[in-house]
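[1] Mind looking at a prediction? Sequence and model below.
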Amino acid sequence: MHDQVTELAQRGKALLPEERSRLVDILLESLHEPVIAEVEAAWGLEIERRLAEYDRGETNSIDADEVFAKARSIAR
């Protein structure tokens, strides 16, 4: 019986350590692709919602310098 996974694992073991590490990264990333796509889609909708609120005057903006200053003070 031909086991493709075992064959691929054996071939992977023959790679240099850096190549094996890269292969592992690629395979792990592929497991998360659907989740990443869902998160990106959700953020896209959230960005559109927030921009629409801003355009309608329903929310105020905060200057970036103020945001970063507050973040620095919290981080201390």
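    Alright, I've got the coordinates.
[2] who's in contact with stretch 30-50?
    For stretch 30-50, contacts defined as CB atoms under 8 Å, 6 or more residues apart in numbering pick out T59. For every residue, glycine as well, the C-beta is placed using N, CA and C.
[3] which residues in the chain form helices?
    For the chain, helices defined by DSSP state H occupy the ranges 4-13, 17-55, 64-75.
[4] Any chance of those in JSON lines with mean neighbour count and mean pLDDT as columns?
    Shown next, in JSON lines, are the helices of the chain (neighbours: other CB atoms under 10 Å; pLDDT from 0 to 100):
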{"stretch": "helix 4-13", "mean neighbour count": "10", "mean pLDDT": "94"}
{"stretch": "helix 17-55", "mean neighbour count": "10", "mean pLDDT": "93"}
{"stretch": "helix 64-75", "mean neighbour count": "9", "mean pLDDT": "95"}
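[5] gap between the most centrally placed residue in the chain and G44?
    Centrality entry for the chain: nearest residue to the mean C-alpha point is I36, 5.6 Å, by CA atoms, centre = their mean. Distance, I36 to G44, using CB to CB, to the nearest Å: 13 Å.
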